[in-house]
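> no sequence on this one, just coordinates:
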DNA sequence: CAGGTTTTGTACCGAATGGAACAAAACTGG
DNA sequence: CCAGTTTTGTTCCATTCGGTACAAAACCTG
């Protein structure tokens, strides 16, 4: 009952996500959010309660989308462990090369870590929970790779999983710093050799 | 002539650097800067003209200090190319492990890239100029390593230099994300194997 | 259609923001 | 010791900030 919503909540979250991603938490004003979502302040506050709540919704949306994509690539059947990780890195490079042209760049999660994670425990927990999920699926891919021989057997799965997430962060930073597609592909190509026997 | 300064400009820049590093450009208020430097607003504005000018001074101070350190490690005599890069990574890990305890964490340059570089050309140029310096000294170390046999001869020096900078960024992000010293050392240990023959 | 409930539109609020104004203070060169 | 110059202390300002108040609007249930 009550007056029905005149907007789609998920669409609003996505618009907010793009804005926070591009401008950061501190750099985004509530006015920016109104404009990005096309909603009046009253609707935003009625639905999301505060700027920080909306940020958490936006970040949750981002991490779940991205981590699902990563999981899908890493769970691909018929490819060995190394090939799956190589595909993941290629997808990241594609992303970042595309972002370069659209102006949107880098990784929302990484941006969040470098700015507000230290100041906001709730956001830090969100990021950390996602990190562990990503580490877990990477660890599985590494263990698969060790069994199928595509990844050196002496690589510790934990260390290798951490390594790949760090490499991904590094690639996205490089993209934001102005590296072109060729440079990003070079980074991935060199980086993947840390895993081969 | 005129009334003499009652403070040391470099000290003020360093204090501002720590503050911007920890809280970011948008998250730092001019009041924060007054408190960190111990200066009244009038002195800050008289000397540094604006928040953005002070930020540039702070960032310049940071990158020149850090890049000089990196250069010193990479120019160490008596070590082969790979050993020098390994030392650099070890220094980064030490830094980040120490930062973890002091609360200060991550890399000011990386934080800047993820937040304001896209919105401010002057700051972006500052970061990019520094990046090229770091890439150049890494490229030299890689070429040395190829000659002395510590680095695989088929690694492209450009790609390898980009790779190491990305790996460094990734390690710092991991540190900010909560990785402990052991995890960071693991990342560096795996990462360095991308360069070995 | 009446009563209850939720959303929407508009107006507004106190606080904090980056920065300017300006006079007093502290120096130097003549 | 005076004129000129720079720094310092205080006060103030316009704007923007995140958020609230409240009534009108639009629905559902009975």
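Thanks, I have it. In this text the structure is predicted, and so the values were computed from the model without any measurement.
> just for chain A, where's the confidence low?
Regions of chain A meeting the criterion pLDDT under 70 are absent.
> got the residues of chain A near DNA strand D?
Neighbours of DNA strand D within chain A, by C-beta under 7 Å from any atom of the strand: A:1-4, A:28-31, A:41-42, A:45, A:50-52. In short, each C-beta sits where N, CA and C put it, glycine included.
> go through these and name the one nearest chain B.
Set against chain B, the nearest of those by C-beta to the nearest C-beta is residue A:28 (9.1 Å).
> coming back round to it: whichever of the residues of chain A next to DNA strand D end up buried, select them in PyMOL.
Here is the PyMOL command that selects the buried residues among the residues of chain A next to DNA strand D (16 or more other C-beta atoms under 10 Å in any protein chain shown):
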select buried, chain A and resi 28+51
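> now secondary structure and distance to chain B too, for the residues of chain A next to DNA strand D, in JSON lines please.
Shown next, in JSON lines, are the residues of chain A next to DNA strand D (DSSP: H, G, I helix; E, B strand; the rest coil; distance: C-beta to the nearest C-beta, whole Å):
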{"residue": "A:1", "secondary structure": "coil", "distance to chain B": "42"}
{"residue": "A:2", "secondary structure": "coil", "distance to chain B": "37"}
{"residue": "A:3", "secondary structure": "coil", "distance to chain B": "36"}
{"residue": "A:4", "secondary structure": "coil", "distance to chain B": "37"}
{"residue": "A:28", "secondary structure": "coil", "distance to chain B": "9"}
{"residue": "A:29", "secondary structure": "coil", "distance to chain B": "10"}
{"residue": "A:30", "secondary structure": "helix", "distance to chain B": "14"}
{"residue": "A:31", "secondary structure": "helix", "distance to chain B": "15"}
{"residue": "A:41", "secondary structure": "helix", "distance to chain B": "21"}
{"residue": "A:42", "secondary structure": "helix", "distance to chain B": "26"}
{"residue": "A:45", "secondary structure": "helix", "distance to chain B": "22"}
{"residue": "A:50", "secondary structure": "coil", "distance to chain B": "17"}
{"residue": "A:51", "secondary structure": "helix", "distance to chain B": "13"}
{"residue": "A:52", "secondary structure": "helix", "distance to chain B": "14"}
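> list the buried residues in stretch A:48-66.
So for stretch A:48-66, counting by 16+ other C-beta under 10 Å, buried means A:48, A:51, A:54, A:55, A:56, A:57, A:58, A:59, A:61, A:62, A:63, A:66.
> helices - which of those land there?
A:48, A:51, A:54, A:55, A:56, A:57, A:58, A:59, A:61, A:62, A:63, A:66 (DSSP state H).
> whatever helix or strand residue A:129 lives in packs against which elements?
Per DSSP states H and E, residue A:129 falls inside helix A:121-148. Under the contact criterion of 3 or more C-beta pairs under 8 Å, 6 or more residues apart in numbering or on different chains; DSSP states H and E, helix A:121-148 touches helix A:51-74, helix A:81-102, helix A:108-115, helix A:157-176.
> that one vs helix A:157-176, what angle?
If you take axes from the mean of the first three to the mean of the last three C-alpha atoms, to 10 degrees, helix A:121-148 sits at 120 degrees to helix A:157-176.
> that older thread, between the buried residues of stretch A:48-66, which is nearest residue A:86?
Minimum distance to residue A:86 across the buried residues of stretch A:48-66 is 18.2 Å, recorded for residue A:66 (C-beta to C-beta).
> isn't the closest one up against residue A:109?
Yes - if you go by C-beta atoms under 8 Å, residue A:66 and residue A:109 touch, sitting 7.2 Å apart.
> so residue A:194, which state does it fall into?
Following DSSP: H, G, I helix; E, B strand; the rest coil, residue A:194 is assigned to coil.
> in contact with it, which residues are there?
The contact partners of residue A:194, taken as C-beta atoms under 8 Å, 6 or more residues apart in numbering or on different chains, are A:163, B:190, B:191, B:192, B:193, B:194.
> look up phi and psi at the nearest residue to the fifth one once chain neighbours are set aside.
Going back to what we said before, that points to residue B:193. Nearest residue to residue B:193, sequence neighbours excluded (C-beta to C-beta, 6 or more residues apart in numbering or on different chains): residue A:194, at 4.6 Å. Dihedral angles of residue A:194 (phi, psi; degrees, to the nearest 10) stand at phi -70, psi -20.
> any figure for the gap between residue A:194 and residue A:61?
32 Å (C-beta to C-beta, to the nearest Å).
> same question for residue A:164.
Residue A:164 is 24 Å from residue A:61, by C-beta to C-beta.
> what do you get for residue A:92?
Counting by C-beta to C-beta, the gap from residue A:92 to residue A:61 is 19 Å.
> same deal with residue A:76?
On the measure of C-beta to C-beta, residue A:76 and residue A:61 end up 24 Å apart.
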